[in-house]
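> below are the sequence and a predicted model for it; my questions follow.
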Amino acid sequence: MLQNTAERISGLISQQQVMVVTNDSYTNIVAEQLPVALSKNIIGEPVAKNTAPCVAIAAALLEHQDPDAVMVVLPADHHITRPEAFLEVLKVAVNVAKKGEDLVTIGIQPSFAETGFGYIEADTKGLNANGDQRVFPVKAFKEKPNLKTAEYFLEQGNYFWNSGMFV
């Protein structure tokens, strides 16, 4: 899945720019799986601390390398069935992020009421200053709901599954 993730974004991000934060004991395996990735971009964390600290260290390192860079955060465990469409979404997200101080989160249009995902409530009726019909301001992040709440979110039409992907 790691190789798939890196390959999926190769139309937007060169393989040498890919940065991976992983458990310290997996850095050699990651280097084998991503032979084009630069060794300085494979960071081992000595103690597992979940996603936020990994993103923070990657952001600090990236800012040190290139203060004007745009960072794309992609967990490697996603199954993407339409990689071309996904790459287009990423391109839009990167362009929005480049325009200002925005943190762009990628939501997935839900097809059923799911209680295992967090949700993003989007302001789909508000002014969309980004010029793209797929980009909306976030009103709120919602934790994993019970079934009744998930059904409500689905009925409203302005709730998206939180993919955990950010730009």
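That came in fine, so what should we check first?
> can you count the residues close to K99?
Here the count is done by other C-beta atoms under 10 Å, and K99 has 11 residues near it. C-beta: built from backbone N, CA, C; applies to glycine.
> can you check the one 10 residues further on too?
Per other C-beta under 10 Å, the neighbour tally for Q109 reads 10.
> and what about T124, helix, strand or coil?
Per DSSP: H, G, I helix; E, B strand; the rest coil, the local secondary structure of T124 is coil.
> report pLDDT for it.
Reading off the confidence values, T124 has pLDDT 85.
> excluding its backbone neighbours, what's nearest it?
In space, and not counting its chain neighbours, T124 is closest to N158: 4.4 Å by C-beta to C-beta, 6 or more residues apart in numbering.
> for the helix or strand harbouring T22, which strands pair with it and how are they oriented?
Taking DSSP states H and E as the criterion, T22 maps to strand 20-23. Taking DSSP bridges as the criterion, strand 20-23 pairs within the sheet with strand 42-45 (parallel).
> if we go by neighbour counts, what in the strand it pairs with is buried?
For strand 42-45, the neighbour count (16 or more other C-beta atoms under 10 Å) marks 42-43, 45 as buried.
> longest helix of this structure?
Of all the segments assigned as helix in the chain under DSSP state H, the longest by residue count is helix 83-99.
> immediately after that helix, which helix or strand?
Using DSSP H and E, the helix or strand that follows helix 83-99 towards the C-terminus is strand 105-108.
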